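Novice: kindly return the folded structure for what I paste below:
(one chain, ligands or ions: 3)
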Amino acid sequence: MLLTNKKIQSIAEKGHYAVGAFNVYDMESVQAVVKAAELENSPAIIATTEGAIEYAGHEFLAMLIKLAAERSKMPFTMHLDHGKDMEIIKNCLKLGYTSVMIDASHFDFKKNIEVTRKVVTMAHKKGASVEAELGTIGGVEDSVSSKNILLTDPRDAKEFVEKTGCDTLAIAIGTSHGAYKFAGESKLDIKRLGEIKNVIKIPLVLHGASGIPDAIVKKARFFGALLGPAHGVSDSDIKAAVANGISKINIDSDLRLTFDASVREVLKTKPEEFDPRKILGPARDQMTEIIRYKMKLFGSSGKAKS
Ligand code: G3H
Ligand code: 13P
Ligand code: ZN
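Specialist: Residues are numbered from 1 along each chain as shown. Ligands and ions are numbered 1, 2, ... in the order given. Model prediction:
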């Protein structure tokens, strides 16, 4: 069953939980999200970046998601993550995406409003909802203390939402993408989140929310991965974010690390194995398990009505 992000997040807000947005790239990751949702009786947002679309092919990826989601009784959304290219956004709307993100946060405030507004007009005509971004969620190379990270200003957020008509908003409260988020302890600006929540009514989104669990990092390293000092968002910070009004939580790096650790384990422990199904199958199972863990953490387990 496919809903919009606006709908799935509004339901989550009322129920005081958050829906996980999990990035997919192939059949295995799509099936992992859908299976986890079914085992947990949970809603989920199935997200594709422009990079994933380029890798798998847009029609191919969209059809996989649509088929899996429509066959299932669980509530899903088909979402474009970090959309920047207008042609890709248009194609998403043609292919039946129920939600698109326009990430124009790299532009100045005025241009971000202008570009976002344009996407809102386009998407609403097709019944899709729009996530916009205000502030900077750092990239892999950034750290929270980086000068490049601009946390979202609550007053700007209010004006931005009024002027763009976006349905949901990704805010910057100290997270960044990738495996190297913090030099030390996980730290989110929960006070700022509360201030933003006080002035805007639409559902809020937390990007860069992977936990980078020690056990998975250690396993990947044990089987040969070269990883630096990897640190993610702690489970207690995630709980605080949900308690203070976040209703969508984006997870990509934890899935990648889980996949990586599993494939490395098989290749190292079963060097005679060369059947792709025996190499990718366990990775799909492990991804299903980490997604289930996130669903429990976000409070979305048991929340799908069917
Ligand atoms: O923000 C989303 C991702 O973690 C980056 O994904 O490498 O598919 O662009 P990408
Ligand atoms: P992570 O890198 O923390 O998994 O963040 C993913 C994300 O925000 C996708 O949009
Ligand atoms: Zn993101």
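Novice: who does the helix or strand hosting residue 215 touch, helix- and strand-wise?
Specialist: For residue 215, the element it lies in under DSSP states H and E is helix 214-222. Here helix 214-222 touches helix 253-269, going by 3 or more Cβ pairs under 8 Å, 6 or more residues apart in numbering; DSSP states H and E. Quick note: C-beta positions are derived from backbone N, CA and C, even for glycine.
Novice: flag every residue of the stretch 201-306 of the chain that's near ligand 1.
Specialist: Contacts of the stretch 201-306 of the chain with ligand 1, taken as Cβ under 6 Å from any ligand atom, map to residue 252.
Novice: how about a cut-off of 8 Å?
Specialist: Contacts of the stretch 201-306 of the chain with ligand 1, taken as Cβ under 8 Å from any ligand atom, map to 207, 208, 250, 252, 253, 256.
Novice: ok, and which of the residues you listed reach ligand 3?
Specialist: 207, 250 (Cβ under 5 Å from the ion).
Novice: neighbour count and pLDDT added to the residues of the stretch 201-306 of the chain next to ligand 1, as CSV?
Specialist: Listed next are these as CSV, based on neighbours: other Cβ atoms under 10 Å; pLDDT from 0 to 100:
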residue, neighbour count, pLDDT
207, 26, 97
208, 26, 97
250, 26, 98
252, 23, 98
253, 22, 98
256, 18, 98
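Novice: and the residues of the stretch 201-306 of the chain next to ligand 1, which is closest to ligand 1?
Specialist: Using Cβ to the nearest ligand atom, residue 252 is the member of those that sits closest to ligand 1, with 3.6 Å.
Novice: tell me the one among the residues of the stretch 201-306 of the chain next to ligand 1 nearest to ligand 3.
Specialist: For these, the residue nearest ligand 3 by Cβ to the ion is residue 207; the value is 3.4 Å.
Novice: what's the most far-flung residue of the chain relative to its centre sitting at in phi/psi?
Specialist: Distance to the chain centre peaks in the chain at residue 272, reaching 36.0 Å (criterion: Cα atoms, centre = their mean). Note on residue 272: its backbone torsions stand at phi -80, psi -10 [degrees, to the nearest 10].
Novice: quick one: residue 290 from residue 26, how far?
Specialist: 16 Å (Cβ to Cβ, to the nearest Å).
Novice: between the two, who's got more neighbours?
Specialist: A count of neighbours by other Cβ atoms under 10 Å puts residue 290 above the other of residue 290 and residue 26, at 22 against 17.
Novice: part of a helix, is the more buried one?
Specialist: Yes: assessed with DSSP: H, G, I helix; E, B strand; the rest coil, residue 290 lies in a helix.
Novice: didn't it look like it was pressed against residue 256?
Specialist: No: contact between residue 290 and residue 256 fails when scored by Cβ atoms under 8 Å: they sit 10.4 Å apart.
Novice: what about the residue nearest in space to the middle of the chain, which SS state?
Specialist: Closest residue to the average C-alpha location of the chain: residue 250 at 2.3 Å, with Cα atoms, centre = their mean. Classification of residue 250 using three-state DSSP returns strand.
Novice: give me the beta-bridge partners of it?
Specialist: Note on residue 250: beta-bridge partners residue 21, judged by DSSP bridges.
Novice: among the residues of the stretch 201-306 of the chain next to ligand 1, which ones lie close to ligand 2?
Specialist: Near ligand 2, judged by Cβ under 8 Å from any ligand atom, the entries from those are 207, 208, 250, 252, 253, 256.
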